[in-house]
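[1] Got a predicted structure here, sequence first:
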Amino acid sequence: MTQRIFFSVAVFGLLCFQNVQAQEKIVDADSSFKYIATTLQTFRGTGRLVDNPGIDGSDLEYFILLLEEFYQQFSRSFNGESAMCQFYRDPENSRMTIEERAELSFSYLGSLSNRINRFTKTNEEFQEQVEEQFGTILLNNIISLKVSSISYQELPSQEFNESERISFLDSECI
C-alpha cells in the first residue's frame, strides 16, 4: 500500500514538474517572439538596433535576416498571408457573425498542443542559430534583453475566449 502511495506521489510530482517545464518553454518562446518582433519593428522604423545585443556593422545585415526568418517561422500560421487571416478577411464570410468567423478562423491554427510544440521548437532553433552564428555572449545578451521586450504581438499559445480571439485576429490580420 505504501509503495502505491509513494508511486502515485512520485508520478504526480513528475507530471507537475513536466507541466512547469512546458510552461517555462512557452513563456521563453513568447518572449523570443516578442524580442524578434520588437527588434524588427524598431529597425524598420529607425534603421538601427535600439537595444543592440552586441552586433557590429558587418554582422547587422545577417542578424536582421536571421530575425526575419524566425519571425516568419513563428508567425506563419497567423500572419497576414496565413489561411487563418485569409478566411477571417474574406468578404464572403462577412455573412457570419464576427464570433463565428473568429472561431472558424482559429480552427486553421491547429490544436493548442501542436502550436506549443511548434513554437517551442522554433525558439530552440532560433537560440541554436544565434549561438552558432554569433556566439554564446550574443545569445546571453538576447536572453537578457528579451525578458523586457514589449510587443503588441503575441503567440497564440493559449486558449483564447471569444473576445480574445477577435482581438487577436484584428491585430494580426491587418
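    Received the coordinates, thanks.

[2] count of residues packed around L145?
    Other residues lying near L145 total 16 when counted by other C-beta atoms under 10 Å. In short, each C-beta sits where N, CA and C put it, glycine included.

[3] That one touches D51, doesn't it?
    Yes. When contacts are counted by C-beta atoms under 8 Å, L145 is listed as touching D51 (5.3 Å).

[4] Give me the distance between L49 and F87.
    According to C-beta to C-beta, to the nearest Å, L49 stands 36 Å off from F87.

[5] Please enumerate the helices of this structure.
    Taking DSSP state H, the helices of the chain run over residues 2-46, 57-75, 83-89, 98-106, 112-134, 136-146, 162-172.

[6] which one of those helices has the lowest average pLDDT?
    Lowest mean pLDDT within the helices of the chain: helix 2-46, a mean of 74.

[7] can you tell which of the helices of the chain is closest to E154?
    helix 2-46 (6.5 Å; C-beta to C-beta).

[8] So between L49 and F87, which is more surrounded?
    Higher neighbour count among L49 and F87: F87, with 19 against 16, using other C-beta under 10 Å.

[9] and the gap between the more buried one and C173?
    From F87 to C173 the distance is 9 Å (C-beta to C-beta).

[10] who touches both of the two?
    Both F87 and C173 are in contact with S105, where contact means C-beta atoms under 8 Å, 6 or more residues apart in numbering.

[11] now the helices of the chain in a markdown table, with distance to E154?
    As requested, the helices of the chain are exported to a markdown table (distance: least, C-beta to C-beta, whole Å):
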| stretch | distance to E154 |
| --- | --- |
| helix 2-46 | 6 |
| helix 57-75 | 11 |
| helix 83-89 | 14 |
| helix 98-106 | 14 |
| helix 112-134 | 11 |
| helix 136-146 | 14 |
| helix 162-172 | 8 |
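
[12] between these, which gets nearest to Q153?
    Ranking the helices of the chain by their distance to Q153 (criterion: C-beta to C-beta) puts helix 2-46 first, at 4.7 Å.

[13] Do I have it right that R76 meets A83?
    No. Assessed by C-beta under 8 Å, R76 is found out of contact with A83, at 10.1 Å.
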